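>>> with the sequence up front, the predicted model follows.
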Amino acid sequence: MGAGQSELEHPNQKPAPDQPFPLPTVREKSTIPKACHILKIFLFYIIFYCLVYAVILLHGLLNLFKTIFNCSQLIINFRQIVILLFLYYKHLDLNHYYLFQFLTIYLLI
């Protein structure tokens with residue numbers, strides 16, 4: 001039994017004394033599609049593009065900090081984010097264009 005379904009009969013599902021035909025007791029499965037799968041894909045894209053924007057923002061900040069300071073720790077953190085994007089790429093149905101973008105960003109830093 002799924003969520004919200006009970007094996008016991010509810011009081012409002014009992015037949016009336018003068019019921020001319022038997023009431024159906026078998027629960028039918030809903031044909032309305034659930035949004036769980038769509039929502040999961042949509043969430044993947046939201047997280048993915050947030051990470052992409054974070055990489056773009058960090059790339060600009062790195063160029064700014066490279067001119068002011070010598071920050072090797074920021075470069076290491078930026079590379080970790082690019083690696084995370086590369087690993088997250090496999091969970092999405094994206095073409096290989098994004099994969100090459102990640103690799104070129106990683107090689108540029």
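That came through fine. The structure displayed is predicted, hence computed values, not measured ones. Numbering: from 1, shown residues only.
>>> show me where pLDDT drops low in this structure?
Residue ranges of the chain with pLDDT under 70: 1-14, 25, 35-41, 43, 60-79, 81-109.
>>> recalculate using a threshold of 50.
Scanning the chain for pLDDT under 50 picks out the ranges 1.
>>> ok, now how distant is Leu51 from Gln80?
Between Leu51 and Gln80 the computed distance is 11 Å (C-beta to C-beta, to the nearest Å). Quick note: C-beta positions are derived from backbone N, CA and C, even for glycine.
>>> so for those two, which sits in the more crowded spot?
More crowded of Leu51 and Gln80, by other C-beta atoms under 10 Å: Leu51, with 15 against 10.
>>> and the more buried one, which of the three is it?
Classification of Leu51 using DSSP: H, G, I helix; E, B strand; the rest coil returns helix.
>>> may I ask which helix or strand encompasses Pro17?
Following DSSP states H and E, there is no helix or strand that holds Pro17.
>>> what does Glu28 give?
Going by DSSP H and E, Glu28 is not in any helix or strand.
>>> so how many other residues sit close to it?
Glu28 has 6 neighbouring residues, counting by other C-beta under 10 Å.
>>> got it, and His59?
Neighbours of His59 (other C-beta under 10 Å): 16.
>>> next one: Val55
Counted with other C-beta under 10 Å, Val55 comes out at 19.
>>> how about Ile47?
13.
>>> how close does Ile56 get to Gln80?
For Ile56, the distance to Gln80 equals 16 Å [C-beta to C-beta].
>>> same question for Pro24.
Distance, Pro24 to Gln80, by C-beta to C-beta: 58 Å.
>>> try Cys50
Taking C-beta to C-beta as the measure, Cys50 falls 16 Å from Gln80.
>>> His59 too?
The gap separating His59 from Gln80 is 14 Å, by C-beta to C-beta.
>>> do the same with Val55
Taken as C-beta to C-beta, the span from Val55 to Gln80 is 11 Å.
>>> same check on Ile47?
Taking C-beta to C-beta as the measure, Ile47 falls 16 Å from Gln80.
>>> then Ile46?
Distance of Ile46 to Gln80, computed by C-beta to C-beta: 21 Å.
>>> kindly report the same for Ala54.
In this view, Ala54 and Gln80 are 11 Å apart by C-beta to C-beta.
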